[in-house]
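# The amino acid sequence is not available; the structure is as follows:
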């Protein structure tokens, strides 16, 4: 099991990978939601199974990787402690692994069924045993998970673009509430939940920001969805501008759609440093702010004296946007009209997006005009929720938009603070 801090290219080297034998594998690049960003919390997590009864032997080792966020962490932690396990990390993912390893059942599949049915929240899991890879998706289908076919095997990934990279054919999305067992005999699929399937609650922020534009979500190309967001935004918030430009790269398709619908030229006025990662997903505010300064360099020859319609995907905390607007003004922009292809984010996400406490979300504590003044824009327009839903193309009842209106797809009373398990581990 190889883990480390940094980019995949920094952590994994050919000399290490050639030592990994076998025909089954799982991997993970972590975006911290429960538990801090540190080496001990890197995944996959490996645990040993325990005998479920005096007559049922242990099943060996289980490796698990998780995308999402559970909201019944306290209940699960209490059960893990009751079973006598001692977690080494501060992640909700390790709780799942221990529960499966110590659950009743004579085989992995029966143990997984039992435990997955007790989880509440967002989870896409891949799990590795001695002879199979397992994959599971929560009953709400909050985070994406796809199944692909290779010439001599199978692959599961969080996004379809990952399948393209390895030459795998996209077969289908893993269905909400589905558990797959993948081995030499093919793919066995079943529904693990004993309860009625809840309404679908796909995360709209995947379409807005997280997913790569070359991925398919719910049969829709993300690039095209973002273009439609920009078109809707132009209709809702027209602007007198000389040209439209994006905050690259996540807002580029939306800016193209905005320009087309508004009948304005599209230009690029910011050069992006490709060696700097996505600033929103950095775990600390200081990293995010420093990342903006390193990430973008303006083009004064393009910007000087111009009225700009600046399109961005979202404003979360409102601490990086002012720096971008200031960059454009220092480069000579006469006016900066900010257009956001998401509604105001007023509520925390407990389901896989690290949006921080609600009182740090700028739209939770300020009016739109106050936000405009804080970020330094001449005008500010957000895409409406109805416009977003129409652009995504799914029924409103099949989307999770809790970060906009505060209505979550399940009770979140048991949702823990990001560092709650960190504190519990030290206690």
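Nice, I can see it. What you see is a predicted model, and the numbers here were worked out from it, not measured in a lab.

# buried stuff in stretch 368-375?
371-372, 374-375 (16 or more other CB atoms under 10 Å). Every C-beta, even on glycine, is put in place using the N, C-alpha and C of the backbone.

# So what's the gap between it and the chain middle?
27 Å (CA atoms, centre = their mean, to the nearest Å).

# Can you lay out the buried residues of stretch 368-375 as TSV showing distance to residue 147 and secondary structure?
Formatted as TSV, the buried residues of stretch 368-375 follow (distance: CB to CB, whole Å; DSSP: H, G, I helix; E, B strand; the rest coil):
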residue	distance to residue 147	secondary structure
371	41	helix
372	45	helix
374	44	helix
375	42	helix
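
# ok, which pair from these is furthest apart?
372 and 374 (7.4 Å; CB to CB).

# Now do residue 412 against residue 220, distance only.
Plainly put, residue 412 is 28 Å away from residue 220 if you go by CB to CB, to the nearest Å.

# now residue 163
16 Å.

# So between those two, which is more surrounded?
Taking other CB atoms under 10 Å, residue 163 and residue 220 do not tie; residue 163 has more neighbours (22 against 16).

# Now do stretch 133-140, average pLDDT.
The predicted model assigns stretch 133-140 a mean pLDDT of 98.

# repeat for stretch 295-314
97.

# List the buried residues of that stretch.
Those would be 295-296, 298-299, 302-303, 306, 308-314, for stretch 295-314 by 16+ other CB under 10 Å.

# for it, how far is the first residue from the last?
Terminal residues of stretch 295-314 lie 17 Å apart, using CA to CA, to the nearest Å.

# doesn't residue 12 make contact with residue 2?
Yes. At 6.3 Å, residue 2 counts as touching residue 12 under the criterion of CB atoms under 8 Å.

# remind me, longest strand of the chain?
strand 61-70 (DSSP state E).

# by how many degrees do the helix or strand following that one and strand 61-70 diverge?
Counting by DSSP states H and E, the next helix or strand C-terminal to strand 61-70 is helix 73-82. With axes from the mean of the first three to the mean of the last three CA atoms, to 10 degrees defining the directions, helix 73-82 sits at 160 degrees from strand 61-70.

# What average pLDDT does helix 73-82 get?
Helix 73-82 comes out at a mean pLDDT of 93.

# Buried residues, that helix. List them.
Result for helix 73-82 [16+ other CB under 10 Å]: buried residues 73-74, 76-77, 79-80.

# helices or strands next to that helix in the packing?
helix 92-102, helix 420-426 (3 or more CB pairs under 8 Å, 6 or more residues apart in numbering; DSSP states H and E).

# roughly how far out does it sit from the chain middle?
Distance, centroid of helix 73-82 to centroid of chain: 25 Å (CA atoms, centre = their mean).

# and what of stretch 260-272?
The answer for stretch 260-272 is 27 Å, by CA atoms, centre = their mean.

# first to last residue in that stretch, what's the distance?
Across stretch 260-272, first to last residue, CA to CA, it's 23 Å.

# List the buried residues of it.
Per 16+ other CB under 10 Å, stretch 260-272 contains these buried residues: 261-262, 264, 266-267, 269-270.

# Need those in CSV (columns: distance to residue 351, secondary structure and pLDDT).
Shown next, in CSV, are the buried residues of stretch 260-272 (distance: CB to CB, whole Å; DSSP: H, G, I helix; E, B strand; the rest coil; pLDDT from 0 to 100):
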residue, distance to residue 351, secondary structure, pLDDT
261, 32, helix, 99
262, 34, helix, 99
264, 36, coil, 99
266, 34, strand, 99
267, 37, coil, 99
269, 35, coil, 98
270, 31, strand, 97
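
# Closest one to residue 126 out of the residues you listed, please.
Comparing those against residue 126 with CB to CB places residue 270 closest, at 36.4 Å.

# what sits against that closest one?
The contact partners of residue 270, taken as CB atoms under 8 Å, 6 or more residues apart in numbering, are 245-248, 296-299, 324, 327-328.

# Could you measure from the residue nearest the centre of the chain over to residue 348?
Nearest to the geometric centre of the chain sits residue 210, at 5.3 Å (CA atoms, centre = their mean). Note on residue 210: its distance to residue 348, by CB to CB, is 16 Å.

# Check residue 256 too.
31 Å.

# now do residue 330
Taking CB to CB, one finds residue 330 at 33 Å from residue 348.

# Show which residues not belonging to the longest helix seen in the chain make contact with it.
Under DSSP state H, the helix in the chain containing the largest number of residues is helix 222-236. For helix 222-236, contacts defined as CB under 8 Å, 6+ apart pick out 207-208, 211-217, 250-251, 253-262, 311, 313, 339-342, 381, 383-384, 387-388, 390-393.

# Check stretch 150-170 too.
23, 67, 124, 126, 133, 135, 143-149, 174, 180, 182, 186-187, 211-212, 214-216.

# tell me the mean pLDDT for it?
If you average the pLDDT values across stretch 150-170, you get 97.

# what do you get for stretch 242-249?
Confidence over stretch 242-249 (mean pLDDT, whole number) is 97.

# tell me which residues of it are tucked away?
Buried-residue list, stretch 242-249, by 16+ other CB under 10 Å: 242-248.

# Which parts of the stretch 301-427 of the chain are strands?
Taking DSSP state E, counting those that start in this stretch, the strands of the stretch 301-427 of the chain run over residues 307-312, 335-340, 379-382, 399-400.

# tell me the mean pLDDT for the second one?
Looking back up the chat, that one is strand 335-340. 99.

# for the shortest one, same thing?
Along strand 399-400, the predicted local confidence has a mean pLDDT of 98.

# Given it, what are its sheet partners and their directions?
Strand 399-400 has the following strand partners under DSSP bridges: strand 202-203 (parallel).

# Give me the contacts around the partner strand.
By CB under 8 Å, 6+ apart, strand 202-203 touches 122, 141-144, 210, 217-218, 351-353, 394, 398-400.

# Ignoring the adjacent residues along the chain, who's closest to residue 183?
residue 132 (4.4 Å; CB to CB, 6 or more residues apart in numbering).

# For that neighbour, give me its contacts.
With CB under 8 Å, 6+ apart, residue 132 has these contacts: 24, 108, 181-183.

# State the distance from it to residue 121.
25 Å.

# Among the contacts of residue 132, which lie within helices?
Filtering these for helices - DSSP H - leaves residue 108.
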